[in-house]
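# next comes the sequence, and after it the predicted model I'd like to discuss.
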Amino acid sequence: MNMQRSVKTLSREQPTFTQVTSPLITLFALPKPFVDPLTVRIQKNAIHSWTQLSPAVEVILFGDDYGIEEAADELGVRYGGPIRRNAFGTPLLSDAFRRVHELAESPSLMYTNSDVIFRNDLLEAAERILARDDFSQFVAFGQRHDLQIDRLLDLSQESDRIWLQQQLVATARRSPVVCKEYFLFPRGIYESIPDFAVGRGNWDNWMIYHARKREIPVINATRSIVALHQYHNYKHLKTSRLGCYVTCPEARENQRLAGGRHLVAGSCGTWRMTDEDIRPIPRAALNGDFWLNLSEFSRMILKMPFER
């Protein structure tokens, strides 16, 4: 893949969409504990990038693991409080989705993983989706671009934005289509979801499968929103990546709650967003994005037992 073609230039120039007095998107997340230096750096880089999208975006962090409330205060974002946990002590996404509907001040919500850096193209894409009369209901999702970041970033500084752009063009790799890093949707669609454990497999496939089953437009925004995923390990789980997403008891419980893995239909949209337009995907029921990406998915699966 030619990254120079697929990646836009980082900029501090905001689109007119951000000239607002109240947020249009509430971005929420359930960070890991702020304990080991790598996790602290990764999560601070991500959350700080979200604050650069203010005032169009408000940020709410949920959870009572070590350092989350303090990080929210330090980075100037809202703290949503503790979240219910399952029998293994893992926070439940259902509680976060319910509570964000109570706390958010915006008409649209966006869940994201806590290691993803976003930039202005998120706002540009959201503006285009929200301007469409035929998308009164929708869910937009996207794959990630993986890259190694070995420093704490301040994206309010031009030098750090330039450095990040250089790393992105030189080293970033787009993940397989099954790797979904965020979900953007209007209030109400996911106010009540099953008691999925955060950070385990199968729940993200359910998000797409559930929307498609209800004939809600599912927009693959990967080409328009570059979600920058910072490489990390899985030491916090004391298992491999395969265990985290597929074989551990919590991943299997997520699968049960979801009514299956929904791996194929749960990885593919019914609409595709590009820089030019948003158009229906021809023969979306065939889930062509998954099958065309099968070789990349297979390579990822072969590596998973060894990633810790």
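Good, I have the coordinates.
# make it CA atoms for all contacts and neighbour counts henceforth
OK.
# ok, the nearest residue in space to residue 139 that is not next to it in sequence to residue 110 distance?
Nearest residue to residue 139, sequence neighbours excluded (C-alpha to C-alpha, 6 or more residues apart in numbering): residue 185, at 4.6 Å. Computed as C-alpha to C-alpha, to the nearest Å, the residue 185 to residue 110 distance reads 6 Å.
# neighbour-wise, which of these two wins?
Each of residue 185 and residue 110 has its neighbours counted (other C-alpha atoms under 10 Å); residue 185 has more, 25 against 22.
# pretty sure that one is touching residue 135, no?
No - taking contacts as C-alpha atoms under 8 Å, residue 185 lies outside contact range of residue 135: 9.9 Å.
# distance check, residue 231 against residue 168.
Distance, residue 231 to residue 168, by C-alpha to C-alpha: 13 Å.
# who touches both of these two?
Common contact partners of residue 231 and residue 168 (C-alpha atoms under 8 Å, 6 or more residues apart in numbering): residue 147.
# can you tell me the distance between the two ends of stretch 75-93?
Using C-alpha to C-alpha, one end of stretch 75-93 lies 23 Å from the other.
# partner residues bridging residue 108?
residue 25, residue 186 (DSSP bridges).
# contacts only, for it.
Contact partners of residue 108, counting by C-alpha under 8 Å, 6+ apart, are 24, 25, 26, 184, 185, 186, 187.
# one more time with 10 Å
23-27, 57, 101, 126, 130, 184-188 (C-alpha atoms under 10 Å, 6 or more residues apart in numbering).
# just the buried ones among the residues you listed, please.
Buried members of the contacts of residue 108, scored by 16 or more other C-alpha atoms under 10 Å, are 23-27, 57, 101, 126, 130, 184-187.
# would you list every one of the helices in the stretch 151-300 of the chain?
158-171, 203-213, 241-242, 249-258, 288-292, 294-303 (DSSP state H, counting those that start in this stretch).
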